[in-house]
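> sequence-free structure coming up:
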């Protein structure tokens, strides 16, 4: 699993999904108190461009919350 450090905090790649799906999962995780970084292939562009991209994006969560994030997402799977 990919890992990166953001502002001194280690993050792990949770998943890659189409933007509309990822945005829903991001909202669910953030509602559960888990911070999420959303990365598009165009992350170096202003946010005004990012909102229109509907292809695959990657969700990153703090490494220490990865298991909690996975469990939270699994709760919604029948």
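It's in. Keep in mind the model is a prediction, meaning the values are calculated, not measured.
> Give me the contacts around the longest helix that the chain contains.
Using DSSP state H, we find that the single longest helix of the chain is helix 19-31. Contacts to helix 19-31, defined as Cβ atoms under 8 Å, 6 or more residues apart in numbering, come from residues 15-17, 36, 38, 40, 53-59, 61, 69, 72-73, 76. All C-beta atoms are positioned from the backbone trio N, CA, C, and that covers glycine.
> how about the strands in this structure?
3-6, 9-18, 37-39, 56-62 (DSSP state E).
> Give the ChimeraX command for selecting the buried subset of the contacts of helix 19-31.
The ChimeraX selection below is limited to those of the contacts of helix 19-31 classed as buried (16 or more other Cβ atoms under 10 Å):
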select :15,17,36,40,57,58,59,61,69,72,73
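> Would you point out which residue is most central in the protein?
Central residue of the chain (Cα atoms, centre = their mean): residue 59, 2.0 Å from the mean position.
> Looks like it contacts residue 14 (just checking).
Yes: assessed by Cβ atoms under 8 Å, residue 59 is found in contact with residue 14 at 4.6 Å.
> Point out where this protein drops to low pLDDT.
Per-residue confidence for the chain (pLDDT under 70) gives these ranges: 43-51, 77-78.
> check contacts around the residue nearest to the centre of the chain.
With contact set as Cβ under 8 Å, 6+ apart, residue 59 has these partners: 13-17, 22, 25-26, 29, 36-39.
> Out of those, which is nearest to residue 65?
Distance to residue 65, by Cβ to Cβ, is smallest for residue 29 among the contacts of residue 59, at 8.8 Å.
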